[in-house]
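[1] what's the 3D shape of this:
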Amino acid sequence: MSEDALRPETVAAHALDAYDEATGAVVPPLHAATTFARNADYGLRGPVSYQRNGHPTLWQAERTIAALEGGAEAQLFASGMAALVALVETVPEGAHVVLPDVLYYGTRDWLKRQESKDRLTVATFKAGDKEGLERAIAGGKTDLIWIETPANPSWDVIDIAETARLAHAAGAILAVDSTAAAAVTTHPLALGADIVFHSATKYLNGHSDVLAGALVTGEVNDRWNALKALRTQHGSLLAPFESWMLIRGMRTLFVRFRQASSNALAIARHFDAHPGLEAVLYPGLQGHPGHEIARRQMTDGFGGMMSLLVRGSLADTTAVLKRLRVFIPATSLGGVESLIEHRKLIESPDSPVPDNLLRLSIGIEAAEDLITDLEQALGV
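    Okay, here's the model as predicted:
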C-alpha cells in the first residue's frame, strides 16, 4: 500500500518502511558509513559519495517527516538553530524579516544579531494583532515572515492561513515553527505556509536524547535547493546515529503527543483560577485569547506545553520550583518526562518573559501525580 493511502499514525509507526528487505529486520537499519564505494568506471553507485552530502538513514528520517507534514521534501540538521541559521542565510542581503514579539529567545537573538550587523532588518508584531502584522510588513522588501504557533513560552496562537495570505501578498514566504504542535495536530503547509520548522529534539524525537532540527517545504524550488547546498557547505546535516534515534522516536510520536495533550488539558483545567496562580497559559482553555484559532488549526489536541504565572514575586516563583518532586527542573520540552523551567532565569536580560512565569512541558506520566505535585508545590 502506498504511503499516500496510509493514515499518518501508520506512517509514523512504520517510519514509512521499517521492514528491511535485505535482512527481514523490523527495525530500520543504521548506515554509519562516511564514504561510499564507486564502480569500476569510478562512477557513483548511489546518490552520494560522502556523508556530508547525505546518507541512507538520514533520507529515511527525512522522508518520514515530509510525509507526516504533507511536504515535498524535508531536510534534517544537527540542531534546530543550525536549521534556522541556514534558512536565514537564504534571506537576501538587506531584506526585511517579520516575527512575533514573543517567541523562542534563540530565534529572536539570532535575528537581532544579524540586524546589528546590517545583514537584514527585523520588525515585530503582537500575536493576534492583524493590523500590527500588516504594519510590520514592508511591502516589496519583506522576504521572510517567521512565526511560532503556539509561541514559546506564552503559547499565543497565530492564524497561519491569514498570515500566509498576508505574506504572499507582500511577496514574502512564511515559515512556521511548529515545534510545540509536532506533526500531529497542526499542518502549516496545508494552511498556506511555505516552510515548516521543527526543533526535532522535542516532540519528533520525544525522549530527550537527540539534538536535531528539521525544515520541510511544500515546493522544491531555487530557495530549497540553495538550502541543500548550504547544509552541505556548513556540514550541518544530522549524523547517522542521531538520524536512526530520531526514526525510533517518531515511531511513537502520535501516542506520546496525544497522551501529553490529554494530561496537559487536565492539568490546565484543574489549575485554571487556582488561588496560587495569576493565570494558566494554555490554548486548550476556553478563556485563552487564541482558543478559537487553536480549535481551527490544532485538530488533534492542544499539545503538552503550558505556562503558569505564579501569584507572587520572583522569590515566590523559584520557591515553587524547589518544592516539586515529580516535575524535573530542566531546559527543553517534548520528552516523555514532565519538565519545568523558570524562563526569565534562562533567557537573556532583555527577555520580555515575566518574572513569575514557569514553563511546563507535560509528559506521559499519570496526570493525577502531576497535579498532586503541583498542588503541594504551590502550597496554597
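
[2] hey, where'd the helices end up in the stretch 151-300 of the chain?
    160-169, 222-234, 240-250, 253-271, 291-297 (DSSP state H, counting those that start in this stretch).

[3] I'd like the ones you listed as a markdown table, with mean pLDDT, mean neighbour count and distance to Thr107 appended.
    Using the backbone N, CA and C atoms, a C-beta is placed for each residue, glycine as well. Formatted as a markdown table, the entries for those read as follows, by pLDDT from 0 to 100; neighbours: other C-beta atoms under 10 Å; distance: least, C-beta to C-beta, whole Å:
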| stretch | mean pLDDT | mean neighbour count | distance to Thr107 |
| --- | --- | --- | --- |
| helix 160-169 | 97 | 18 | 16 |
| helix 222-234 | 97 | 15 | 17 |
| helix 240-250 | 97 | 23 | 21 |
| helix 253-271 | 98 | 21 | 22 |
| helix 291-297 | 97 | 18 | 20 |
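
[4] Of those helices, give the one that comes closest to Asp316.
    With C-beta to C-beta as the criterion, Asp316 lies closest to helix 253-271 of the helices of the stretch 151-300 of the chain, at 15.8 Å.

[5] And the helices of the stretch 151-300 of the chain: which comes nearest Arg323?
    Each of the helices of the stretch 151-300 of the chain was checked against Arg323 via C-beta to C-beta, and the shortest separation belongs to helix 253-271, namely 15.2 Å.

[6] follow-up on the earlier one: so for Glu375, which of the helices of the stretch 151-300 of the chain sits nearest?
    Nearest to Glu375, of all the helices of the stretch 151-300 of the chain, is helix 253-271, at 8.5 Å by C-beta to C-beta.

[7] Remind me what the closest one packs against, helices and strands.
    Of the remaining helices and strands, those touching helix 253-271 by 3 or more C-beta pairs under 8 Å, 6 or more residues apart in numbering; DSSP states H and E are helix 8-14, strand 277-281, strand 305-310, helix 367-378.

[8] Adding distance to Glu21, write the helices of the stretch 151-300 of the chain out as a markdown table.
    Converted to a markdown table, the helices of the stretch 151-300 of the chain look like this (distance: least, C-beta to C-beta, whole Å):
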| stretch | distance to Glu21 |
| --- | --- |
| helix 160-169 | 39 |
| helix 222-234 | 27 |
| helix 240-250 | 16 |
| helix 253-271 | 24 |
| helix 291-297 | 38 |
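
[9] With respect to Leu99, which of these lies nearest?
    Judged by C-beta to C-beta, the one of these that comes nearest to Leu99 is helix 160-169, at 11.0 Å.

[10] What is the neighbour count of Tyr203?
    29 (other C-beta atoms under 10 Å).

[11] got the contact list for it?
    With contact set as C-beta atoms under 8 Å, 6 or more residues apart in numbering, Tyr203 has these partners: Thr179, Ala180, Ala182, Val184, Leu253, Arg256, Phe257, Gly304, Leu333, Gly334.

[12] Among those residues, which one sits closest to His55?
    Comparing every one of the contacts of Tyr203 with His55 (C-beta to C-beta), the shortest separation belongs to Leu253, at 22.2 Å.

[13] how close does the closest residue to the closest one other than its chain neighbours get to Asp156?
    With C-beta to C-beta, 6 or more residues apart in numbering as the measure, Ala12 is the residue that lies nearest to Leu253, at 4.8 Å, once sequence neighbours are left out. As judged by C-beta to C-beta, to the nearest Å, Ala12 and Asp156 stand 28 Å apart.

[14] Then Ser361?
    From Ser361 across to Asp156, the span is 17 Å (C-beta to C-beta).

[15] Also Asp209?
    According to C-beta to C-beta, Asp209 stands 29 Å off from Asp156.

[16] Who has more neighbours out of the two?
    Set side by side, Asp209 and Asp156 show unequal neighbour counts under other C-beta under 10 Å, the larger going to Asp156 at 25 against 13.

[17] quick one: contacts for the more buried one?
    With the criterion set at C-beta under 8 Å, 6+ apart, Asp156 makes contact with Pro100, Val102, Ala127, Gly128, Thr149, Pro150, Pro289, Gly290.

[18] Could I get these in TSV, plus columns for pLDDT, distance to Leu84 and neighbour count?
    Formatted as TSV, the entries for those read as follows, by pLDDT from 0 to 100; distance: C-beta to C-beta, whole Å; neighbours: other C-beta atoms under 10 Å:
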residue	pLDDT	distance to Leu84	neighbour count
Pro100	96	15	27
Val102	91	17	20
Ala127	93	19	24
Gly128	90	24	15
Thr149	97	16	29
Pro150	97	18	29
Pro289	94	27	13
Gly290	96	23	21
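
[19] one step back: select, out of the helices of the stretch 151-300 of the chain, the one closest to Asp373.
    Across those, the minimum distance to Asp373, taken as C-beta to C-beta, is reached by helix 253-271, at 10.1 Å.

[20] How is this structure partitioned into domains?
    Described in terms of automatic domain parsing, the domain architecture of the chain consists of the residue ranges 3-250, 253-378.

[21] hang on, the earlier thing: would you reformat the helices and strands packed on helix 253-271 as a markdown table and include mean pLDDT?
    Formatted as a markdown table, the entries for the helices and strands packed on helix 253-271 read as follows, by pLDDT from 0 to 100:
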| stretch | mean pLDDT |
| --- | --- |
| helix 8-14 | 93 |
| strand 277-281 | 98 |
| strand 305-310 | 98 |
| helix 367-378 | 98 |
